[in-house]
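Chemist: pasting the sequence and the predicted model now:
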Amino acid sequence: MRPIPQGTSLAGPGPVTVLSGTSSDSHTWNLVFLQLLLEEAGHRVDNVGPCVPDDLLVDRVRAQEPRLLVVSSVNGHGYEDGLRMITALRAAPGTAGVTAVIGGKLGVDGALAPDRVRDLRDAGFDEVFADGDAGAFRGYLERLVLEAAS
Amino acid sequence: MTRDDLPDTDAFGSFVAREHARGRLVVQPRMGFGDPRRMRAGLAATRAADAASVGTITLDSYTRVGDNASARRAVLAGTDLNGYPIVARPPEQTREVLAGLAGPDFPVQVRHGSAAPQEIFRSLLRAGLTATEGGPVSYCLPYGRTPLERSVANWREGAAILAAHAEDGRSAHVETFGGCMLGQLCPPGMLVALSLLEGMFFLQHGIRGISLSYAQQTSPAQDREAIRALRRLASEFLGGARWHVVLYTYMGLFPRTPGGARSLLRQAARTAVEAGAERVIVKTEAEAHRIPTIGENVRALEIAARAAEETRPAAGGDPDSDVYLEARALLSAVLEHSDDIGTGLLRAFSRGHLDIPYCLHPDNAGRVRSRIGDDGHLRWADTGSLPLPPVAHRSGAVTSADLISTLSYMERRHDSGAAPVPERNG
Ligand code: B12
């Protein structure tokens, strides 16, 4: 066992949550933070890491059949990379139905404009979280658990 | 020291040496825009700033990961990029961006973040530029998924491309990025060792104009020790190169308020002057939020320049400081693995003799931990397999709240106005 949160926490039963950066984004502190947050909410996390090409993510989602896919991007290319990524997932066999959310610093000018948020939803993301939305995300995860239980 | 007997063909290094001799700290932004007109305006404003400034072209993330197709698509579609796509644009266009601005009195450096820099180096040379930065470790482990072995091979090729160019009388200048490693929570001894090792790597591959980076961490006193340690090690191990030291303003989670951001920036400029660094890379008030504007960059350059003017170099400091001894031990371990720095780095990382806390890269052992002490010094909490005296600071499992609290140590201090009391003792 590694002494710090790293890679994956796949031991134990139950569905997995896949956590991933976008193809051009190399930031990882966001991924380390989100892995801890997800684990605290009871998720087993497969942390794919930074700079994830679309086809690698599609393969991983197909193999893991996760209950949730969490995409994080902070480098300013999240809008473009996210659109491309979710379009690929929704089009590919075996991954089209995955519940998928994205969040972070998604543009280069601060908060993403509302029409761009809509684009991301229209392309297939179930939720889009802004930079400061960690609280809203925790609420979302709680609702997800309730829905799964009911 | 041999560094001053070298021919003055490295324009970047010569400019910094000249300004340093005049008692001026060189200041540099981290600026890059996708739009060439905006990039040119940014360089012009940097040049016109009331400071000894050098220019920067920071590249976008598509170019960094070698996805030039996406960079080209963004150029055609006119979408905002987080930097300048030097490979996707023709060299003539980059020359136009630089025309009448770049020159011996205003050298321009290309900053990227690529584990496969060969195409980037060819592009910058074609555009008439010779200064850049990075390194086989520092642009691999924190920058994606490229295997370390691949990155070392790529950087050998990249350095050869730059070194070959020296023939026409203008030689390359390369700055190590090893003094940064993930921006935060990496103890200074490791940063100093990696920065120096990357400098030695460049020298072994024929680059003689070198700058050594170190990024501001959590304690000004420890940062001064680190800069001095880096200088001492450079004079011991970089014979045959002409080198200087560059301090990066804090590279971790940045203060969110304008006042906090300025306070941290001023602290960086003071630390640089006190410990004898020749150049500083600034950060702006926008850092915590978005890509900064040209105006925000210029303001940051001038704030740093004014803070530097008010500061005097502080003599002394323990030559055998903790940072020096630790960096030296790490460096020796790598040299024991091999005289060839690239090979030594690969072996040391594969055995955990070098190891970066919180780094997710598969080629990093991940056995070490760090913590911020009560005195603000960044220390090892667990030295894993490092060739250092064992430490195992007891602490429970890290929660997401703990992580944010540790990461935001500097943000809290500067945003709350708690830190600005300038420390003066060397
Ligand atoms: C550390 C750092 C780096 C390190 C990263 C090391 C590593 N491997 O992680 C280094 C130095 C390598 C780096 C490089 C770059 N960086 Co950087 N970096 C930062 C910095 C200073 C701190 C980031 C950090 O550690 N945050 C801590 C984590 C825990 O928080 P977070 O990432 O901010 O995420 C929070 C929220 O966004 C949210 N969140 C994130 N994702 C998600 C997802 C979901 C679903 C939800 C609900 C929430 C959520 O949760 C977190 C906690 O609140 C920030 C600026 C800042 N914030 O101070 C810039 C910053 C993120 N970097 C930036 C950029 C542009 C880059 C570069 C492209 C270089 C450049 N041009 O400056 C390269 C990246 C290259 C690439 N291929 O992508 C920009 C992004 C601009 C934008 N979005 O508009 C920033 C904002 C700086 C700036 N103002 O220019 N960087």
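Modeler: Ah, there it is.

Chemist: quick one: low-confidence parts of the stretch 301-426 of chain B?
Modeler: B:418-426 (pLDDT under 70).

Chemist: for chain A, give me its nearest residue in it.
Modeler: Nearest residue of the stretch 301-426 of chain B to chain A: B:Ser400, at 3.8 Å (Cβ to the nearest Cβ). Where C-beta positions appear, they are placed from N, C-alpha and C, glycine not excepted.

Chemist: doesn't A:Asn30 make contact with that residue?
Modeler: No. Using Cβ atoms under 8 Å, B:Ser400 is not in contact with A:Asn30; the gap is 11.2 Å.

Chemist: look up phi and psi at A:Arg44.
Modeler: phi -90, psi 130 (degrees, to the nearest 10).

Chemist: correction: B:Phe106
Modeler: phi -150, psi 80.

Chemist: show me the strands in the chain, by range?
Modeler: Picking chain A for this. For chain A, the strands defined by DSSP state E occupy A:8-9, A:16-20, A:44-49, A:68-73, A:100-104, A:127-129.

Chemist: that's the wrong chain, I meant chain B
Modeler: B:26-28, B:55-58, B:108-111, B:131-134, B:173-176, B:209-215, B:242-248, B:279-281, B:369-372, B:378-382.

Chemist: which residues of the stretch 101-250 of chain B score low on pLDDT?
Modeler: For the stretch 101-250 of chain B, the ranges with pLDDT under 70 are B:166-168.

Chemist: still on that earlier bit, tell me the most buried of the strands of chain B?
Modeler: strand B:173-176 (a mean of 31; mean count of other Cβ atoms under 10 Å in any protein chain shown).

Chemist: quick one: contacts for the residue nearest the centre of chain B?
Modeler: Geometric centre of chain B, nearest residue: B:Phe177, 3.9 Å, by Cα atoms, centre = their mean. By Cβ atoms under 8 Å, 6 or more residues apart in numbering or on different chains, the contact list for B:Phe177 reads B:113, B:133-135, B:138-139, B:198, B:213.

Chemist: skipping its backbone neighbours, what lies nearest it in space?
Modeler: Sequence neighbours aside, B:Ser138 is the residue nearest to B:Phe177 in space, at 3.7 Å (criterion: Cβ to Cβ, 6 or more residues apart in numbering or on different chains).

Chemist: next up, the contacts around the one you found.
Modeler: Taking Cβ under 8 Å, 6+ apart, one finds B:176-181, B:194, B:198 in contact with B:Ser138.

Chemist: also B:Ile120?
Modeler: Contacts for B:Ile120 were tallied using Cβ under 8 Å, 6+ apart; they are B:59, B:63, B:86-87, B:110, B:112, B:114, B:132.

Chemist: which residues of chain A fall in helices?
Modeler: Per DSSP state H, chain A carries helices over the ranges A:29-40, A:54-64, A:78-91, A:114-123, A:134-149.

Chemist: which regions of chain A sit below the pLDDT cut-off?
Modeler: Short version for chain A, where the test is pLDDT under 70: A:1-14, A:150.

Chemist: show me what from it comes close to the ligand.
Modeler: A:24-30, A:33-34, A:70, A:72, A:74-76, A:101, A:103-105, A:108, A:129, A:131, A:133-134, A:137 (Cβ under 6 Å from any ligand atom).

Chemist: equivalent analysis for chain B, please.
Modeler: B:30, B:32, B:58, B:61, B:64-65, B:82-83, B:113, B:142, B:180, B:182-183, B:251-254, B:286-288, B:290-291, B:407.

Chemist: considering only those residues, which also neighbour chain A?
Modeler: With Cβ under 8 Å from any Cβ of the partner chain as the criterion, the residues of chain B next to the ligand include B:61, B:64-65, B:82, B:113, B:142, B:182-183, B:253, B:290-291, B:407 near chain A.

Chemist: which non-adjacent residue is nearest B:Gly34?
Modeler: B:Leu81 (3.2 Å).

Chemist: neighbours around the one you found, how many?
Modeler: 26 (other Cβ atoms under 10 Å in any protein chain shown).

Chemist: what parts of the stretch 101-250 of chain B come near chain A?
Modeler: So far as Cβ under 8 Å from any Cβ goes, the stretch 101-250 of chain B lies against chain A at B:113, B:142-145, B:182-184.

Chemist: let's see the pLDDT reported for whatever residue of the stretch 201-350 of chain B ends up closest to the ligand.
Modeler: Taking Cβ to the nearest ligand atom as the measure, the stretch 201-350 of chain B has B:Phe254 as its residue closest to the ligand, at 3.5 Å. We have a pLDDT of 98 for B:Phe254.

Chemist: now do stretch A:21-32: distance to the chain's middle.
Modeler: Counting by Cα atoms, centre = their mean, to the nearest Å, stretch A:21-32 is centred 11 Å from the centre of its parent chain.

Chemist: buried residues, it. List them.
Modeler: Neighbour-count burial for stretch A:21-32, with 16 or more other Cβ atoms under 10 Å in any protein chain shown as criterion, is recorded at A:21-32.

Chemist: now stretch B:348-364
Modeler: Those would be B:348-349, B:352-361, B:363-364, for stretch B:348-364 by 16+ other Cβ under 10 Å.

Chemist: could you tell me the end-to-end distance of that stretch?
Modeler: In terms of Cα to Cα, to the nearest Å, the two terminal residues of stretch B:348-364 are separated by 10 Å.

Chemist: check the offset of that stretch from the chain's centre.
Modeler: Counting by Cα atoms, centre = their mean, stretch B:348-364 comes out at 19 Å from the chain centroid.

Chemist: ok, stretch B:189-202 next?
Modeler: Going by Cα atoms, centre = their mean, where stretch B:189-202 is centred and where its chain is centred differ by 11 Å.

Chemist: which one among the contacts of B:Ser138 gets closest to chain A?
Modeler: B:Met181 (11.6 Å).

Chemist: with adjacent residues omitted, what lies nearest to the closest one?
Modeler: B:Ile356 (5.4 Å).

Chemist: ok, back up a step: taking the contacts of B:Phe177 together, which two end up most distant?
Modeler: Distance extremes for the contacts of B:Phe177: the farthest pair is B:Gly113 and B:Glu198 at 14.1 Å, using Cβ to Cβ.

Chemist: quick one, which of these two is more surrounded?
Modeler: Between B:Gly113 and B:Glu198, counted using other Cβ under 10 Å, B:Glu198 has the larger neighbour count: 29 against 24.

Chemist: touching, that one and B:Thr176? I think so.
Modeler: Yes. Between B:Glu198 and B:Thr176 there is a contact at 3.8 Å, judged by Cβ under 8 Å.

Chemist: what do the two both touch?
Modeler: With Cβ under 8 Å, 6+ apart as the test, B:Glu198 and B:Thr176 both reach B:135, B:138.

Chemist: by neighbours, which of the residues of the stretch 101-250 of chain B next to chain A wins?
Modeler: Going by other Cβ under 10 Å, B:Gly144 tops these with 27 neighbours.

Chemist: surely B:Leu247 and B:Val280 touch.
Modeler: Yes. Proximity of B:Leu247 to B:Val280 meets the contact threshold set by Cβ under 8 Å, at 4.9 Å.

Chemist: what about B:Pro90, how many residues nearby?
Modeler: If you count neighbours by other Cβ under 10 Å, B:Pro90 ends up with 11.
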